[in-house]
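> Based on what follows, work out the 3D shape:
(2 chains, ligands or ions: 2)
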Amino acid sequence: MIRMVQLVSQSLQGVMRSRLRSLLTTLGIAISSGALVSMVAFAVGLQAQFELPIQKLGLLNDIEVRPGDKGAVLDDLAVEKIRKVRGVSYVYPDFRLSQLNVVHGKHNRSSMALGLPREASLIQVFDEMIVAGEYFSLGTEPQALVSDRSLRDLGFDSPQAAIGQTLQIEVSGLDAKQPNQFELRKHQTSVRVVGVYRAPGIMEEFGHGALLLPADVMRDMPGLDFERTLRRLRSDKEPLKGYSRVTVRADSPQTAFRLEKKIAAMGYEARAVAGRIKEARRAFLFMEVLLSAVGTVGLVVAGLGIMNTLLMSVMERYQEIGIYKAIGASDSDVGILFLTEAAVLGLIGGLSGLALARVVCWGLQWAIGIYASREGIEEFGDVFRFPLWLLAGAVAYAILISLLSGVYPATRAARVDPIRALRGQ
Amino acid sequence: MTAESEISVRNLHRAYEVGGAQVHALRGIDLEIVRGQFVAIVGVSGSGKSTLMHLMGGLDTPTDGCVEVCGHDLGSMNAKQRAVFRRQIVGFVFQSFYLVPHLTAEGNLRLALTFQGTYGDRRQRMTREALERVGLADRMQHRPGQLSAGEQQRVAVARAIVHRPRVLLADEPTGNLDHATANRLLELLCEIQAETNMTIVMVTHDEELVSGYCHRKIRMRDGCILESAEMT
Ligand SMILES: Nc1ncnc2c1ncn2[C@@H]1O[C@H](COP(=O)(O)OP(=O)(O)O)[C@@H](O)[C@H]1O
Ligand SMILES: [Mg+2]
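Numbering: from 1, shown residues only, chains lettered A, B, ... in the order given. Ligands and ions are numbered 1, 2, ... in the order given. Model prediction:
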């Protein structure tokens, strides 16, 4: 082993002898591995564009819980029980209304509404989304967050103008107090706008400009149970009491999957939100693999360049190899020397490939930015992303291909007959 | 083989195939070389001197017969074992020096020691000692191209003895040197031989030159030994 390390360090001194040839060979590796990195970085960037908002909102940590098939009730008691499970950071009943009327002076807008826990501010989940004002405060004051998309409809000129204003909310809906008896109820309340949010378009619930209310403000609104009542009518499975849906937030995305199982074992229907994007992730993975395969073609061609360079080197250094053997090198020692050169070419090529990819992608990002802003798209994330695994993987891959290309020349070198090498002057 | 015999060659044959025809480079050589001797092998070009030397150094394998060096039977060794034998038991010096051109004098010695499995301070020390021995301690950082022919051959000698081999095999080491330089090199070899009790086998076609230095002279012709004479 020491011997090997020593041999490798010896041969490093020889690599840069024929500088121009090594440079050109390395350039081939650099360009092809750079292209590979750029393509994969693009796929990774695309995936990040898709997943980042979900991540920012902490949705990867979320588990949607519904009452179980066998009639497990999802009431406050159950919520309390779930809250105590290890790894749960908080639990809140998930209220949503498909339609309510928001009135501000003579303006009014029909909107969807979502209930969110006031405690979310404590762990700063939504901070990313708030563009003016702030998130709900703890306590009981009826507050609201409005979407930046609804500002104009409600007669606000700017996000700041909305902060502190009072909105009237009107809801009417059917409530089922008994299995087959409905009651039409009207509800009116006023809320103070504490913040304006901007949601990424990907999140449909937020995307259409829903009004966000503290869960406790929504809890008494009519129509919340309507959907569930319908299900109850159809299948008789849905329990009468309790919430129709509860969101559990785990303290990490990894815990989410564990909690999903645990809560399901408690008799509820549980689904980690992260599970929903598995499909998409698979598609991205496929794309990354495909692009890597395309990039590999280039690398293999560059590998042939390495093979050619090394074979020429074996010819040129035929006599030198004979000398090595005369002063004690074994066949495998000579092989190691040439493989090391291959690996070094791969390493240098791989590293310069990374640099090349960074520069090219930076240029593309800049160009795309200009194009996008001309098209009126203002905010634009990173199109390319270079996670550590990609950087390390690309260099390792370049080295691997180079090593494979070096095998044949190294074998040729190892087989050189010292007598013939030393005779031919 | 006597107790003090360092190299023992028996009925050694080596034939090369050239375009379907057999070229017999050696035709039945028998030879004993005693430890600590300086032996000169002389003969005209093509008489098989180099071939014999390569066989004694484990660089080549015989067609028939056997070679034993320091108790190692070369015939029973595989390629790997012969490599180990070369790096431990023998040192080679060639007519064209055969230094690695891109390495300094020091680098050439260090490379040899690396193949031989010596590293670190020990390698550094042995390198310096060997170069001091040949009087080139101040030229350690010079590349072969920056040294004269005589100096290059002295570096080659240093490289051949740096690992303290028991046998030094030199194939026409003075072939590319002028008369004065050649004499100086032979003096050096004799000194080293006297200090270390190394066995030296040197091939040359310049009989006159070697006569004053060697203990024994072996004359070859057409792959056979013509005569062997002890010098006094
Ligand atoms: N590799 C080889 N292939 C063919 N013939 C060879 C080879 N090596 C040596 N010979 C032949 O063997 C004979 C002896 O060569 P050599 O040992 O080099 O003699 P010397 O060193 O005394 O000049 C010569 O006739 C030479 O042509
Ligand atoms: Mg010869």
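
> which residues of chain B fall in strands?
With DSSP state E as the criterion, chain B has strands at B:5-18, B:21-34, B:38-42, B:64-69, B:72-73, B:90-94, B:167-171, B:199-204, B:216-221, B:224-230.

> Out of these, which is closest to chain A?
Within the strands of chain B, the stretch nearest chain A is strand B:90-94; the backing value is 4.7 Å (CB to the nearest CB). Any C-beta I mention is one placed from the backbone N, CA and C, and that applies to glycine too.

> Wondering if the closest one reaches chain A at all.
Yes: residues of strand B:90-94 contacting chain A under CB under 8 Å from any CB of the partner chain: B:91-92, B:94.

> Out of the residues you listed, flag the one nearest to ligand 1.
Comparing the residues of strand B:90-94 next to chain A against ligand 1 with CB to the nearest ligand atom places B:Phe94 closest, at 11.3 Å.

> The residue nearest to B:Gly212 when sequence neighbours are not counted - how many residues pack around it?
In space, and not counting its chain neighbours, B:Gly212 is closest to B:Leu186: 7.9 Å by CB to CB, 6 or more residues apart in numbering or on different chains. Neighbour count for B:Leu186, taken as other CB atoms under 10 Å in any protein chain shown: 23.

> and B:Leu186, what does it touch?
By CB atoms under 8 Å, 6 or more residues apart in numbering or on different chains, the contact list for B:Leu186 reads B:174, B:209-210, B:212-213.

> Between all of the residues you listed, which two are at the greatest distance?
Maximum pairwise distance among those (CB to CB): 12.8 Å, between B:Thr174 and B:Gly212.

> the more surrounded of those two?
Neighbour count, other CB under 10 Å: between B:Thr174 and B:Gly212, B:Thr174 has more, with 25 against 11.

> Okay, buried residues for the helix or strand harbouring A:Leu422 please.
Secondary-structure assignment from DSSP states H and E places A:Leu422 in helix A:418-423. Burial within helix A:418-423, assessed by neighbour count using 16 or more other CB atoms under 10 Å in any protein chain shown, is assigned to A:418-419, A:421-422.

> centroid residue for chain B?
B:Leu169 (1.3 Å; CA atoms, centre = their mean).

> Let me see the confidence value for that one.
Model confidence at B:Leu169, given as pLDDT, is 97.

> Just grab the bridge partners of it for me.
B:Phe92, B:Val201 (DSSP bridges).

> Let me see the contact set for it.
B:53, B:56-57, B:90-93, B:201.

> Out of those residues, which comes closest to A:Ser11?
B:Phe92 (21.2 Å).

> So in chain B, where's the weakest helix or strand by average pLDDT?
Within chain B, no helix or strand scores below helix B:207-211, which has a mean of 89 by mean pLDDT, DSSP states H and E.

> which parts of that one are buried?
Neighbour-count burial for helix B:207-211 [16+ other CB under 10 Å]: B:209-210.

> So it, near ligand 1 or not?
No: with CB under 6 Å from any ligand atom as the criterion, ligand 1 is not reached by helix B:207-211; the gap is at least 13.4 Å.

> could I get that helix in CSV with only the CA atoms?
Extracted in CSV, the C-alpha atoms of helix B:207-211 (Å, rounded to 0.1, in the frame of the first residue of the first chain):
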residue,chain,number,x,y,z
GLU,B,207,40.4,-5.2,-23.6
GLU,B,208,43.3,-3.0,-23.0
LEU,B,209,41.4,-0.5,-20.9
VAL,B,210,40.0,-3.1,-18.5
SER,B,211,43.2,-5.1,-18.0
